[in-house]
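In: need a structure here:
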Amino acid sequence: MKITAVETFLLRFPVDPYTYGASSKGWIRDRSSLLVRVKTDAGVEGWGEGGQEPLLEFARNPSPLRDELSTEPIRFEHGVVRVPQAPGLGIAINQGVLERYRVA
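Out: Here you go, the predicted model:
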């Protein structure tokens, strides 16, 4: 099997800096990504993607449920969200808060 074609597609799209905020490289105003399609003489086709550092959508507006539900809330600091390292979800659920917001 031999590669017969390689195509690239550069994508760039604006994002709301108030939603996505800052990264380690400053304010995020747009995102870009490079898609690559590889074709072979056997009819096999593959796709790959490469781009900027991973993007994590993290709302920074006040939210009592989100802010209180975990016993140790996930924090956005200096353009970075630290992923909890505990087993499972990585967080411990505050049962009192869970009961307060329970509807059924």
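
In: Where do the domain boundaries of this protein fall?
Out: Per the record, the chain has its domains at 1-52, 58-104, by automatic domain parsing.

In: CSV please, covering those and showing mean pLDDT and mean neighbour count.
Out: Every C-beta, even on glycine, is put in place using the N, C-alpha and C of the backbone. Listed next are these as CSV, based on pLDDT from 0 to 100; neighbours: other C-beta atoms under 10 Å:
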stretch, mean pLDDT, mean neighbour count
domain 1-52, 81, 11
domain 58-104, 81, 11
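
In: so what's residue 7 up against?
Out: Counting by C-beta atoms under 8 Å, 6 or more residues apart in numbering, residue 7 makes contact with 36-37, 39.

In: go again using 6 Å as the cut-off
Out: Contacts for residue 7 (C-beta atoms under 6 Å, 6 or more residues apart in numbering) come out as residue 37.

In: Against residue 51, how distant is it?
Out: From residue 7 over to residue 51 the distance is 16 Å, taken as C-beta to C-beta, to the nearest Å.

In: swap in residue 43?
Out: Residue 43 is 28 Å from residue 51, by C-beta to C-beta.

In: ok, residues contacting stretch 32-41?
Out: Contacts of stretch 32-41 (C-beta under 6 Å, 6+ apart): 1-12, 45-51.
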